[in-house]
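K.L.:
no sequence on this one, just coordinates:
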């Protein structure tokens with residue numbers, strides 16, 4: 001059998017043991033042609049690995065900001081070397097001379113420049129330090145000028161500065177940032193601003209309020225029950241004064257400030273708006289009354305066709321202006337609703353209004369209403385805040401003025417910013433507030449506010465007075481009797 005086996009010479013090359021598991025990162029020397037050199041290389045590498053693994057890593061960033069400031073102050077007074085020697089026992093790592101020199105320099109810089117802001121603690125500002133600083137400066141200027149500062153105004157200012165200084169970021173996430181209320185709240189809080197409001201005497205109700213309310217409800221109840229008056233034909237109309245400069249009573253001001261000036265707070269220029277709403281929550285076209293003797297006092301603005309733009313010498317409603325409102329707005333609205341409901345022309349409607357002189361002592365108005373089968377009920381004197389839907393808490397009168405104030409605040413903020421960008425002078429900034437400028441703007445704001453208000457469900461203004469609950473109770477009672 002041996003003749004069929006080919007014998008080969010045994011290799012004279014030594015076999016080097018594989019690296020142990022602890023040396024698993026080292027290559028097997030048997031993979032190389034020169035085993036000796038490969039083994040020597042592995043041995044040298046192993047020595048380096050063991051040396052590094054046995055060396056303990058020192059702690060990083062073990063010096064707090066307070067301790068850095070303390071070391072920097074000591075170094076400025078006693079020298080860098082003495083500071084290293086003095087504080088070597090208080091720190092767990094070696095103090096480098098360059099680091100201590102930097103802390104010393106920072107301390108000296110703070111002494112030479114007391115107004116220099118200290119390093120920001122906590123999270124960085126969301127807008128970035130540059131834009132954040134410019135926005136705060138702009139808001140401070142606005143308050144110095146007496147402008148109202150609200151969350152919406154702050155967002156408007158932020159939007160402009162973002163577009164101006166970081167357009168790419170605004171396009172990417174600007175509106176998402178502005179939709180978060182915490183952004184404006186955080187900025188105002190860091191400025192030390194809190195919400196402030198001018199004070200005024202609380203309204204007092206008559207001592208016999210409950211009796212007046214009961215009689216008032218009884219009149220409405222009797223009319224609705226006896227004449228089956230539907231919700232669409234139960235109407236409240238009311239006059240309300242609207243300022244040409246519709247500034248808010250609220251603003252943001254430094255906490256503890258004793259004086260809270262607001263632009264336009266003492267401005268007496270006004271018009272009168274007459275609003276109407278039925279129990280279904282539908283608005284009647286408004287009447288706007290300007291102060292003047294001719295149509296020249298009206299703003300140069302194209303109002304909606306169904307609006308009544310009127311004027312009186314004092315801008316207040318008068319007996320003739322109320323008659324014009326009834327002829328142009330109230331009666332056409334009632335007639336239209338009768339047609340929609342397929343009711344006769346003699347179907348009774350009821351209007352509710354307060355005891356304002358132009359309405360209470362107006363025989364021509366009363367006669368006109370009765371001729372068109374419209375009954376009327378007076379809201380008891382001094383009770384409009386509780387018993388008149390348009391005046392009730394959060395009602396249409398309040399909402400309209402709130403929307404106007406928002407429009408004005410946004411416009412005023414934009415005007416201030418535009419002036420600043422043109423001349424850069426923060427000391428001599430003035431915004432023209434003459435009637436020539438404001439009247440057409442105010443007209444535009446009113447149209448926008450009325451459209452916005454008309455989109456809202458304001459039936460709750462009737463329930464806030466208790467009228468809708470009272471009428472529903474009557475109808476439920478009538479249905480039970482019929483059944």
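P.N.:
Perfect, I can see it now. From a predicted model like this one, the values you see are computed outputs, not experimental measurements.

K.L.:
Now the element after the helix or strand of the chain with the lowest mean pLDDT, going C-ward?
P.N.:
Least confident helix or strand, the chain: strand 250-254 with a mean of 43, by mean pLDDT, DSSP states H and E. Once the chain leaves strand 250-254, the next helix or strand it forms, by DSSP states H and E, is strand 270-278.

K.L.:
Now tell me what touches that following strand from outside.
P.N.:
Residues from elsewhere that reach strand 270-278 (C-beta atoms under 8 Å, 6 or more residues apart in numbering): 231-244, 283-284, 286-291, 315-317, 325, 329-330, 333, 337, 389-390, 396-397, 400, 446, 458, 461. Glycine gets a C-beta too; all of them are placed from N, C-alpha and C.

K.L.:
Pull out the buried residues from it.
P.N.:
Judged by neighbour count (16 or more other C-beta atoms under 10 Å), strand 270-278 contains these buried residues: 270-278.

K.L.:
Next: stretch 71-82.
P.N.:
For stretch 71-82, the neighbour count (16+ other C-beta under 10 Å) marks 71-76, 80 as buried.

K.L.:
do stretch 388-405 as well
P.N.:
Buried residues in stretch 388-405, defined by neighbour count with 16+ other C-beta under 10 Å: 388-392, 395-397, 399-401, 403-405.

K.L.:
Same question for stretch 150-162.
P.N.:
For stretch 150-162, by 16+ other C-beta under 10 Å, it's 150, 152-162.

K.L.:
Tell me which two of the residues you listed sit farthest apart.
P.N.:
The largest distance within the buried residues of stretch 150-162, taken as C-beta to C-beta, falls between 150 and 162 and amounts to 18.5 Å.

K.L.:
Which of the buried residues of stretch 71-82 sits closest to residue 132?
P.N.:
Nearest to residue 132 out of those is residue 72 (C-beta to C-beta; 27.3 Å).

K.L.:
List the contacts of the closest one.
P.N.:
Residues in contact with residue 72 (C-beta under 8 Å, 6+ apart) are 100, 103-107.

K.L.:
Mind listing residues that contact the helix or strand hosting residue 445?
P.N.:
Assigned by DSSP H and E, residue 445 falls within helix 435-454. Applying C-beta under 8 Å, 6+ apart, the set of residues contacting helix 435-454 from outside is 242, 244-246, 269, 273, 283, 286, 288, 299-301, 303-304, 396, 399-400, 403-404, 407-408, 411.

K.L.:
Mind giving me the PyMOL select for the residues you listed, buried ones only?
P.N.:
A single PyMOL command selects the buried members of the contacts of helix 435-454 (16+ other C-beta under 10 Å):
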select buried, resi 242+244+245+246+269+273+283+286+288+299+303+396+399+400+403+404+407+408+411
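
K.L.:
can you pull out the strands in the stretch 251-400 of the chain?
P.N.:
Ranges of strands within the stretch 251-400 of the chain are 270-278, 287-291, 308-312, 349-353, 374-378, based on DSSP state E, counting those that start in this stretch.

K.L.:
how far out from the middle of the chain is the longest one?
P.N.:
Here the centre of strand 270-278 is set off from its chain's centre by 27 Å, with C-alpha atoms, centre = their mean, to the nearest Å.

K.L.:
isn't residue 324 right up against residue 312?
P.N.:
No: Residue 324 lies out of contact with residue 312 (C-beta atoms under 8 Å); the separation is 10.1 Å.

K.L.:
Which one of the strands of the stretch 251-400 of the chain lies nearest to residue 431?
P.N.:
The closest of the strands of the stretch 251-400 of the chain to residue 431 is strand 270-278. By C-beta to C-beta, the value is 19.5 Å.

K.L.:
show me where the stretch 151-300 of the chain has helices.
P.N.:
Per DSSP state H, counting those that start in this stretch, the stretch 151-300 of the chain carries helices over the ranges 151-165, 167-169, 175-178, 181-190, 209-227.

K.L.:
So which of those helices is the most surrounded?
P.N.:
Most buried of the helices of the stretch 151-300 of the chain, by mean neighbour count (mean count of other C-beta atoms under 10 Å): helix 151-165, with a mean of 19.

K.L.:
Run the angle between that one and helix 181-190 for me.
P.N.:
Here the directions of helix 151-165 and helix 181-190 differ by 90 degrees (axes from the mean of the first three to the mean of the last three C-alpha atoms, to 10 degrees).

K.L.:
so how far is helix 151-165 off the chain centroid?
P.N.:
12 Å.

K.L.:
Let me see the mean pLDDT of that helix.
P.N.:
Taken as a whole, helix 151-165 has a mean pLDDT of 81.

K.L.:
Determine the set of other helices and strands touching it.
P.N.:
helix 129-144, helix 175-178, helix 181-190, helix 396-423 (3 or more C-beta pairs under 8 Å, 6 or more residues apart in numbering; DSSP states H and E).

K.L.:
looking at it, residue 158 is touching residue 183, isn't it?
P.N.:
Yes: with contact defined as C-beta under 8 Å, residue 158 reaches residue 183; the gap is 7.2 Å.

K.L.:
which residues are in contact with both of the two?
P.N.:
What both residue 158 and residue 183 touch, as defined by C-beta under 8 Å, 6+ apart, is the set 127, 177.

K.L.:
circling back: need the helices of the stretch 151-300 of the chain in JSON lines with distance to residue 342, can you?
P.N.:
Listed next are those as JSON lines, based on distance: least, C-beta to C-beta, whole Å:
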{"stretch": "helix 151-165", "distance to residue 342": "45"}
{"stretch": "helix 167-169", "distance to residue 342": "58"}
{"stretch": "helix 175-178", "distance to residue 342": "48"}
{"stretch": "helix 181-190", "distance to residue 342": "48"}
{"stretch": "helix 209-227", "distance to residue 342": "16"}
